[in-house]
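Colleague: what follows is a predicted structure for the sequence shown.
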Amino acid sequence: MKPSPGRPLEFDPDAALDAAMQVFWRNGYENTSMQDLLDAMGLSKSSLYQAFGGKQALFERCMTHYGDEMIGALRAALQASPSGLAFIRQFLESVLDEARGVCEARGCLVLNTANEFARRNPRIAEAVAQGLGRFHDVLQAAVERAQQEGDIPKTSDAAMLANFLVSSMSGLKTMSKAGADEDTLRGIVEMSLKALR
């Protein structure tokens, strides 16, 4: 019997969504089966469809969830950073943890999705564009702060530099996933930082 609309769910939707996000992040969209999702989320197929819709609708929710988590963390880090440039360095150097084996080299879910199939699916393409736009906005705020602090020339186009940083991180993540060593990645980080000045 189908639960009534007012009946409370018998699972934690946020925990289930996070579990699904981890599976998509690790495997990619097309290599994730419904059974993978059901196993990770601990749900029956009917519960998954009732709560989240189909696989694509769930994936879109996961993309938003991922963006909320990452952007929230980045905004907090920018606010806590001693300078805009220090935040930008920290942002780029975060990829070095993957090279050191501190964390799994899974890349960024938004960038991974862009590389996987975004142009073949308009709805996913829109989700990717929104995700990249949110990253860009935080980085532009960091650049503008660094300009006010005198670390980046005020004559530079802050929006374009933010695009450059998104592109730099995309390249760093791709090289990290491909097995680039820490020295190689650090050299790219330093070159990226020099380009800002």
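Modeller: Cool, the structure landed.

Colleague: how far away is residue 130 from residue 137?
Modeller: Note on residue 130: its distance to residue 137, by CB to CB, to the nearest Å, is 11 Å. Quick note: C-beta positions are derived from backbone N, CA and C, even for glycine.

Colleague: residue 158 now?
Modeller: Distance, residue 158 to residue 137, by CB to CB: 11 Å.

Colleague: more crowded one of those two?
Modeller: Taking neighbours as other CB atoms under 10 Å, residue 158 and residue 137 compare with residue 158 leading, 18 against 15.

Colleague: need the contact list for that one.
Modeller: Contacts for residue 158 (CB atoms under 8 Å, 6 or more residues apart in numbering) come out as 140, 143-144, 147.

Colleague: where's the closest residue to it other than its chain neighbours, which helix or strand?
Modeller: Nearest non-adjacent residue to residue 158, counting by CB to CB, 6 or more residues apart in numbering: residue 143, 4.4 Å away. Take DSSP states H and E as the rule and residue 143 turns out to sit in helix 122-148.

Colleague: and whichever helix or strand comes after that helix, what's buried?
Modeller: On the C-terminal side of helix 122-148, the closest following helix or strand by DSSP H and E is helix 158-177. Within helix 158-177, the residues that count as buried by 16 or more other CB atoms under 10 Å are 158, 161-162, 164-166, 168-177.

Colleague: one more: stretch 54-67?
Modeller: Neighbour count says stretch 54-67 has 55, 58-67 buried, by 16+ other CB under 10 Å.

Colleague: out of these, list just those in helices.
Modeller: Secondary structure from DSSP state H places 55, 58-67 of the buried residues of stretch 54-67 in helices.

Colleague: switch those residues over to a markdown table; also include distance to residue 33.
Modeller: A markdown table is the format used below for those (distance: CB to CB, whole Å):
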| residue | distance to residue 33 |
| --- | --- |
| 55 | 9 |
| 58 | 12 |
| 59 | 13 |
| 60 | 18 |
| 61 | 18 |
| 62 | 15 |
| 63 | 18 |
| 64 | 22 |
| 65 | 20 |
| 66 | 20 |
| 67 | 24 |
